[in-house]
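Asker: Kindly generate the corresponding structure for this input.
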Amino acid sequence: MTSPTATTNAQYEAIPSITDLNNADLSAQLRWALDHKTKPLGALGRLESIAHQIGAILGTMQPELEQPHALVFAADHGLARQGVSAYPSDVTWQMVANMLTGGAAISVLTRQHGLALKLIDCGVAKALPPHPDLIDAKVAAGSADASQQAAMTPAQMWQAIGTGRQLVSQLPGNAILLGEMGIGNTSAAALILARLSGRTIEECAGAGTGMAAQALAHKRQVLQQVLDLHAQATEPLDILACMGGLEIATMVGAVLQAALERRVIVVDGFVTSAAVLVAARLQPFVLQRCIFSHQSHEQAHGLMLDAMRAKALLQMDMRLGEGSGAALAWPLLESACRILREMASFESAQVSGRSD
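Answerer: Model (predicted):
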């Protein structure tokens, strides 16, 4: 494959510059407000750090999460033909259809928490019928088989990134929750992690949707072949084009745009974290806008979080994807904002503070 960075340097203009959110005055004000709520110092633990982070992202002492959107990015992977998943590729479109009819876990959780749910067809192999909650962002009918050639051409990758940016720019609200659906995409995420972190494929590739030991050994063998084939891909965008997926590339664009607009980005599991990892290697301050909802049961998600120096809110042994962990953690973010906005201070409540 010709390197995307070698032939399309001008397209780096499509990667926005994400600035440092550090504002010493606002940070001090947020810390003072939290420390003077009617509670012992630090007694609300990580809820306080979430409140501080959201206040910093939104640039306010009175943060309120408005019109949040759960976005599920879906695409098929040519690599799935090599038997790297326990499920057939048809499950991708079948599960997207299940989400659209309200039967998937993400459908249930978004209904429960009042979140708008949008399904984004980035590259599902089968044509999907029109639906009010389906966004047609199809770049191709699935990525190519990365064990034989690059998963995406440079043009496809850039189109997906641009589409992700445009999609977010047209959404109302100040928060997005990342989700995905695509048979074979844990393999793509494992490849991205392995190349960007320098870890072995044995460390990075787990059972995904639940493979038996023999099938897992085959999966790791195939993924090592992919790494060997694309040994020249060492920069984030080269890695994304050679070994990623259309839904991951579209998520990279969505993350960059959300970060540019100072939206709160709620990250789900292993695959969405792979997209964030790529975006963060392009623009490190992306991570200031990200809240990692849970640590997946997928064996390498902990390594992925370590690579970004991130700590997840929950550990529920989940490995579903779809954005299910992000939706599950959502009430914690709302609670953190309410603590800042509504909880009384010692002074306003006329409660005595510490004697020291």
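Asker: Which stretches in the stretch 51-200 of the chain count as helices?
Answerer: Here the stretch 51-200 of the chain has its helices, by DSSP state H, counting those that start in this stretch, at 90-100, 105-113, 154-169, 185-197.
Asker: Point out where the stretch 251-356 of the chain drops to low pLDDT.
Answerer: 353-356 (pLDDT under 70).
Asker: Check the chain too.
Answerer: For the chain, the ranges with pLDDT under 70 are 1-13, 207-211, 353-356.
Asker: Can you give me the distance of residue 251 to residue 199?
Answerer: Plainly put, residue 251 is 21 Å away from residue 199 if you go by Cβ to Cβ, to the nearest Å. In this view, the C-beta of every residue, glycine as well, is placed from N, C-alpha and C.
Asker: Which one's more surrounded, the two?
Answerer: More crowded of residue 251 and residue 199, by other Cβ atoms under 10 Å: residue 251, with 31 against 17.
Asker: Secondary structure element holding the more buried one?
Answerer: If you go by DSSP states H and E, residue 251 is part of helix 246-260.
Asker: hey, where'd the strands end up in the stretch 201-350 of the chain?
Answerer: Under the criterion DSSP state E, counting those that start in this stretch, strands of the stretch 201-350 of the chain are mapped to 264-267, 290-292.
Asker: highest average neighbour count across these?
Answerer: Among the strands of the stretch 201-350 of the chain, the stretch with the highest mean neighbour count (mean count of other Cβ atoms under 10 Å) is strand 264-267, at a mean of 27.
Asker: what pairs with it, and is each one parallel or antiparallel?
Answerer: Using DSSP bridges, strand 264-267 pairs in its sheet with strand 175-181 (parallel), strand 290-292 (parallel).
Asker: Now tell me what touches it from outside.
Answerer: 54, 57-58, 65, 174-178, 255, 258-259, 273, 276, 286, 289-293, 326, 329-330, 333 (Cβ atoms under 8 Å, 6 or more residues apart in numbering).
Asker: And for stretch 299-306?
Answerer: Contacts for stretch 299-306 (Cβ under 8 Å, 6+ apart): 189-190, 193, 197, 199, 203-207, 269-270, 273-274, 277, 292, 295, 311-312.
Asker: So which bits of it are buried?
Answerer: For stretch 299-306, the neighbour count (16 or more other Cβ atoms under 10 Å) marks 299-301, 303-305 as buried.
Asker: Pull the most distant pair out of those.
Answerer: Spanning the widest gap among the buried residues of stretch 299-306 are 299 and 305, at 12.3 Å by Cβ to Cβ.
Asker: Quick one: neighbours of residue 38, just the number.
Answerer: Neighbours of residue 38 (other Cβ under 10 Å): 15.
Asker: does it really touch residue 349, like I thought?
Answerer: Yes: at 5.3 Å, residue 38 and residue 349 qualify as touching, with contact defined as Cβ atoms under 8 Å.
Asker: Report the central residue of this protein.
Answerer: Central residue of the chain (Cα atoms, centre = their mean): residue 272, 3.1 Å from the mean position.
Asker: what ranges do the helices span in the stretch 201-350 of the chain?
Answerer: Under the criterion DSSP H, counting those that start in this stretch, the stretch 201-350 of the chain contains helices at 201-204, 213-229, 236-243, 246-260, 270-282, 301-307, 324-342, 346-349.
Asker: For residue 185, which of the ones you listed is the nearest?
Answerer: Once the helices of the stretch 201-350 of the chain are compared by Cβ to Cβ, helix 270-282 is nearest, at 4.9 Å.
Asker: helices or strands up against the closest one?
Answerer: strand 175-181, helix 185-197, helix 236-243, helix 246-260, strand 264-267, helix 301-307 (3 or more Cβ pairs under 8 Å, 6 or more residues apart in numbering; DSSP states H and E).
Asker: I'd like those as CSV, with distance to residue 226 appended.
Answerer: CSV is the format used below for the helices and strands packed on helix 270-282 (distance: least, Cβ to Cβ, whole Å):
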stretch, distance to residue 226
strand 175-181, 19
helix 185-197, 6
helix 236-243, 6
helix 246-260, 14
strand 264-267, 25
helix 301-307, 18
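Asker: ranking the helices of the stretch 51-200 of the chain by burial, who's on top?
Answerer: Buried most deeply of the helices of the stretch 51-200 of the chain, by mean count of other Cβ under 10 Å, is helix 185-197, with a mean of 27.
Asker: what angle separates it from strand 175-181?
Answerer: Interaxial angle of helix 185-197 relative to strand 175-181 (axes from the mean of the first three to the mean of the last three Cα atoms, to 10 degrees): 110 degrees.
Asker: does residue 57 really touch residue 23, like I thought?
Answerer: No: counting by Cβ under 8 Å, residue 57 does not reach residue 23; the two are 10.8 Å apart.
Asker: Give me the more crowded residue out of those two.
Answerer: A direct count of neighbours by other Cβ under 10 Å for residue 57 and residue 23 places residue 57 higher, at 21 against 12.
Asker: how about the more buried one, what does it touch?
Answerer: 21, 63, 262-264, 288-289 are the contacts of residue 57 under Cβ under 8 Å, 6+ apart.
Asker: got TSV for those residues, with distance to residue 84 too?
Answerer: Shown next, in TSV, are the contacts of residue 57 (distance: Cβ to Cβ, whole Å):
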residue	distance to residue 84
21	38
63	41
262	37
263	33
264	33
288	34
289	32
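Asker: Would you point out the most distant pair within those residues?
Answerer: Across these, the longest distance by Cβ to Cβ is 14.4 Å; it joins 63 and 288.
Asker: on that earlier part again, can you spell out which helices and strands pack onto the helix holding residue 251?
Answerer: Under the contact criterion of 3+ Cβ pairs under 8 Å, 6+ apart, helix 246-260 touches strand 69-75, strand 116-123, helix 154-169, strand 175-181, helix 185-197, helix 236-243, strand 264-267, helix 270-282.
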